[in-house]
Structures are given as structure tokens and as C-alpha cells.
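Visitor: What follows is a protein structure lacking sequence information:
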């Protein structure tokens, strides 16, 4: 049981490049989400999904796209990377419905945009 | 967007001290309150999920209480140990969809 797997762990991009951060979970969790962590800002919600084919915006969605074609995968796409997107990105998943379950987090992706 | 406030922002205590932090959140449409422990260079790990007013949870030396009517939760650590050093995050949920908005956290440092 791998839990939540994020790839890559580290990435350096040039301004304007695009890339996809991968997130996969093997716990059959309905709910998946992406957060970014910035100094002094805590964890801020980017996008989330309550099931395959359903996504919604969080607190800071601009510059990011998501899709949820399967229960297991929830990739985050940076369309045109900007230095302001330098951050550590965490994917999290949980069972849905009652909020009685804690999130399981991935190990994070550290992204630097130069 | 929910306004979640945690205090203090940081706390430095000596080994053996007991300490507590506060999480404040809007009480309207409350559904659940999560506490997470986040060690440096690791991922956040769930400590407690609380849903009922007056709920109390305990795990070893760490406990939490919840007041949904006034919108706050306390996290207590009894007899702090250096391994308790971490950032403690709270996150209220206000619907059944699973979305959590996190506070900025309380950074605890326990000196031996």
C-alpha cells in the first residue's frame, strides 16, 4: 500500500515552460486535492476533486489546471510557469462524505521557477 | 474563503513544559475540525478529526477540545518532548465535500 505518491520530488523550470505534477493514490479515496506551501502562508488550496470527472477551484487556482479521469490520479498542470509559482506542492486524499477521515498527504514536489 | 486563525504563530518551550495552542474559525455551517502535525521535511500527518461540540480527543500526551458554537479548538501537549517539535495545523471543514482550509499553523520548538 503506497498511499499518496507524488512525482517528481524536485523540479526546476524556466519561466513560461509548462509541466505536470503527478499525484496517484491507491486507497480508493474519492477526494483529492492540491495545496501549495509558501513561507508564512501555510497550506493554500489550489484545486480539489470529489470524484472522477469532478473538479473545483480552491483558494489560489490561477495558473493551474487539473483533471480527474480516474479515481487514482489527479495531475496538476502549470500552463506557463512563473516565478510566483515557486513553492512546495502537496497532494492529499481522503474518503469523502463525512469529513470524519484525516487527509493522507504525499511527500511533496519542490518546484523552482527561474 | 474561510478565515482560520491559529495562535500563537510560534512557541518555544523547555522539555517537560505543558503547552496549548488555539485554532479559531467561523462557527456557521461547521462540519468538522482537523488537527495535523507537520515535521520539518516531512508531510503533514493527521492527529485528530473532531465533529461534535464539546468533543475531546486524546493521543498519548496530546489532546484536543472543540467548541463549535463559538468557533474554536484547543490543542494541548502535556510534558513536551523534543520530538514534539513540529508545526501544528488546524483545518475546519464547512461542508460534506471534503474541502479543508488550513490555518497558518503554530510552530512548536521544544528544547532539551
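Guide: Structure's in. What do you need? Source: prediction; values computed, not measured.
Visitor: contacts and neighbour counts: CA atoms only from here.
Guide: Noted.
Visitor: Next, count neighbours for residue A:110.
Guide: 18 (other Cα atoms under 10 Å in any protein chain shown).
Visitor: Wait, it touches residue A:88, no?
Guide: Yes: the pair residue A:110 / residue A:88 is scored as a contact, 4.4 Å apart, by Cα atoms under 8 Å.
Visitor: What pLDDT is listed against residue B:2?
Guide: Note for residue B:2: predicted pLDDT of 66.
Visitor: again, but for the one 4 residues further on
Guide: Per-residue confidence (pLDDT) for residue B:6: 96.
Visitor: So which elements touch the strand or helix carrying it?
Guide: Using DSSP states H and E, residue B:6 sits in strand B:5-7. Here strand B:5-7 touches strand B:19-24, going by 3 or more Cα pairs under 8 Å, 6 or more residues apart in numbering or on different chains; DSSP states H and E.
Visitor: wait, does the strand it packs on contact chain A?
Guide: No: Strand B:19-24 is not in contact with chain A by Cα under 8 Å from any Cα of the partner chain; minimum separation 13.7 Å.
Visitor: and the residue of chain A found nearest chain B, how many residues sit next to it?
Guide: Here the residue of chain A nearest chain B is residue A:42; by Cα to the nearest Cα that distance is 4.3 Å. The number of residues packed near residue A:42 is 18, by other Cα under 10 Å.
Visitor: same check, this time on the one 10 residues further on
Guide: Here the count is done by other Cα under 10 Å, and residue A:52 has 17 residues near it.
Visitor: Let me see the contact set for it.
Guide: A:30, A:68, A:69, A:70, A:71 (Cα atoms under 8 Å, 6 or more residues apart in numbering or on different chains).
Visitor: let's see 10 Å
Guide: Going by Cα atoms under 10 Å, 6 or more residues apart in numbering or on different chains, residue A:52 touches A:30, A:31, A:32, A:67, A:68, A:69, A:70, A:71, A:72, A:73, A:74.
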